[in-house]
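Engineer: Sequence and predicted structure below; questions after.
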Amino acid sequence: MSLKICWIDDLAKAQETAKRTNRPILLDFYNPN
Amino acid sequence: LGAVTYPDERVARFIDLNFIPVQIQTSNAEMVSRYTVSWTPTLLVLDADGKEHYRTVGFFTPEDLIATFMTGKGRWYMDTEQYPEAQGMFEEVQAAYPGSEAAAEAIFFHGVTRYKMTHNAKSLREAYDTLAAKFPNSMWTKQAAHYRLINK
């Protein structure tokens, strides 16, 4: 099975994880159209 | 990015190891306003408080994305005063992607980070000398040009 990026759409949740893991957030703004 | 770069396994592995990945649609007006986003794709590196440390606008090949965001993570390490980790990341970019613009930026900030650690201005001069030798036409070389006045 191929490895895929597990994007999340909740910045607040990402911030909690970033605090816990000492990792930065990569925030991608995209236009689906 | 979604068609070519993100599906690349090297990119997925790199992002998974180094970042918490978040995608927000531009229809989210509150977020677009908060981070002043006016074009896509826009990619930001944020800390755990949501503060911005690095920004790009436009598309990347898989290699360029990895090189650029290795440097981006180095900038986050530097801003959050994790200097040895920043140095390590800037050295990794130079070793893995030696001809890239991200490597030029990494040389610049490697010098800055070393200066922050040692308060020895020679590290800035060395960064300039390395940039001038390897990247004579890079904007990072121009931006470091003032450091050529520092004695070796």
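Structural biologist: Yep, that arrived. Because the structure is a prediction, the values reported are computed rather than measured.
Engineer: Which pLDDT does the model give residue 7?
Structural biologist: Here I'm looking at chain A. On the pLDDT scale, A:Trp7 is placed at 95.
Engineer: Can you look at chain B instead?
Structural biologist: B:Pro7 is assigned a pLDDT of 91 by the prediction.
Engineer: Now residue 25: phi and psi?
Structural biologist: Picked chain A for this. phi -100, psi 140 (degrees, to the nearest 10).
Engineer: my question was about chain B
Structural biologist: phi -80, psi 150.
Engineer: residues contacting the closest residue to B:Gly50 other than its chain neighbours?
Structural biologist: For B:Gly50, ignoring the flanking residues on the chain, the nearest one in space by CB to CB, 6 or more residues apart in numbering or on different chains is A:Gln15 at 5.9 Å. All C-beta atoms are positioned from the backbone trio N, CA, C, and that covers glycine. The neighbourhood of A:Gln15, defined by CB atoms under 8 Å, 6 or more residues apart in numbering or on different chains, consists of A:25, B:46, B:48-50.
Engineer: hang on, A:Gln15 in a strand?
Structural biologist: No. Counting by DSSP: H, G, I helix; E, B strand; the rest coil, A:Gln15 falls outside a strand, being helix.
Engineer: so which strand or helix has B:Leu43?
Structural biologist: strand B:42-46 (DSSP states H and E).
Engineer: Chain A against chain B: which residues are in contact?
Structural biologist: A:2-11, A:14-19, A:21, A:23-32 (CB under 8 Å from any CB of the partner chain).
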